[in-house]
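[1] Below are the sequence and a predicted model for it; my questions follow.
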Amino acid sequence: MDHRELLGKEELSEEESACVFNGMCDELWPELLPQQIHIGQLPARTSSNVVTTTDTPVPECSSCGLCCTAFVRIPAEPESKVEDDETIRVIKSIGEFEIVVDRFIKRDPNDFRCTKLEGEPGVAVSCSIYERRPNSCRVFEAGSDRCHAIRRAYGLEPFLTTSEMSAALERLDERDQMKGTGETLVDSVRFAEASDGQRVSIEVVLTDESEMLIHEFDPARETWYKSQFEGITVFEAKRLLGKHSEEKMGPC
Ligand code: SF4
Ligand code: SF4
């Protein structure tokens, strides 16, 4: 089955979901203008900008919507108000459990844009679930380096000049050199059967290629999705896991 056919399904295996998301990227991204700096390297928060200068005007999302069009994997975290039937769920059998290990907002099978985006991208758009949009949408800021980069890829903003590019690359280098070991990021995540056979383990591979077991949980009591841990530091992952425990240990 190819990625377009799989897009019609609400539940996918991990292999099928990889086929769907890779297939959409393979069709969408070659149509865009070349990325001068790889978008994945650029921050999605304005406070972390290394390319965009502070005097650059912040674009209006209501006449854009290009991040909702081009970034095909929009995770809906367990606490989000997005309903299951608005998502594609990734299912995995682990020991005696069959659990949802991730879920993402559905994509339009024709142009792959987020199904919650209304209007014409680049002209006039709105999000039909704005008040309850997932966290990944909330943390993506207009005016961030990543925002400007995707707009450049669609030709809505001019390319960086040679001098802007070299200044940006220098600042990216400085940023990377300033990162300490505490900044090692989670590269990939695996949910597997825990050693006691009664729970599910969350194992991560870090960008320095080390591996780590970060949590074991009972799926009847806790819900975690793989995408919650991707691209964050081990410190942030532990804080996320700890926050959940504190909430669960409240007086009620
Ligand atoms: S965040 Fe940036 S890319 Fe996304 S809709 Fe707003 S202006 Fe466009
Ligand atoms: S949920 Fe809304 S904000 Fe998020 S990608 Fe879809 S249209 Fe954009």
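    Yes, it's here. Ligands and ions are numbered 1, 2, ... in the order given.
[2] Just read off the phi/psi values of residue 169.
    Note on residue 169: backbone dihedrals following degrees, to the nearest 10 are phi -70, psi -40.
[3] Do I have it right that it meets residue 38?
    No: if you go by C-beta atoms under 8 Å, residue 169 and residue 38 don't touch, sitting 11.1 Å apart. To be clear about C-beta, it is placed using only N, CA and C from the backbone, and glycine gets the same treatment.
[4] Among these two, which residue is more densely surrounded?
    It is residue 169, of residue 169 and residue 38, that has more neighbours when counted by other C-beta atoms under 10 Å, with 16 against 9.
[5] So what's the residue count around the nearest residue to that one once chain neighbours are set aside?
    For residue 169, ignoring the flanking residues on the chain, the nearest one in space by C-beta to C-beta, 6 or more residues apart in numbering is residue 37 at 7.1 Å. Residue 37 has 17 neighbouring residues, counting by other C-beta under 10 Å.
[6] list the contacts for residue 37?
    Contact partners of residue 37, counting by C-beta atoms under 8 Å, 6 or more residues apart in numbering, are 51, 149, 160, 165, 168-169, 172.
[7] Pull up the residues of the protein that are close to ligand 2.
    Selection of the chain residues close to ligand 2 by C-beta under 6 Å from any ligand atom yields 68, 74, 105, 114, 116-117, 127, 129, 133, 137.
[8] Please give the centre-to-centre distance between stretch 48-63 and its chain.
    Relative to its parent chain, stretch 48-63 has a centroid offset of 20 Å by C-alpha atoms, centre = their mean, to the nearest Å.
[9] which residues are in contact with it?
    37, 42-43, 46, 122-126, 142-145, 147-149, 151, 156-157, 160, 164, 168, 171-172, 175.
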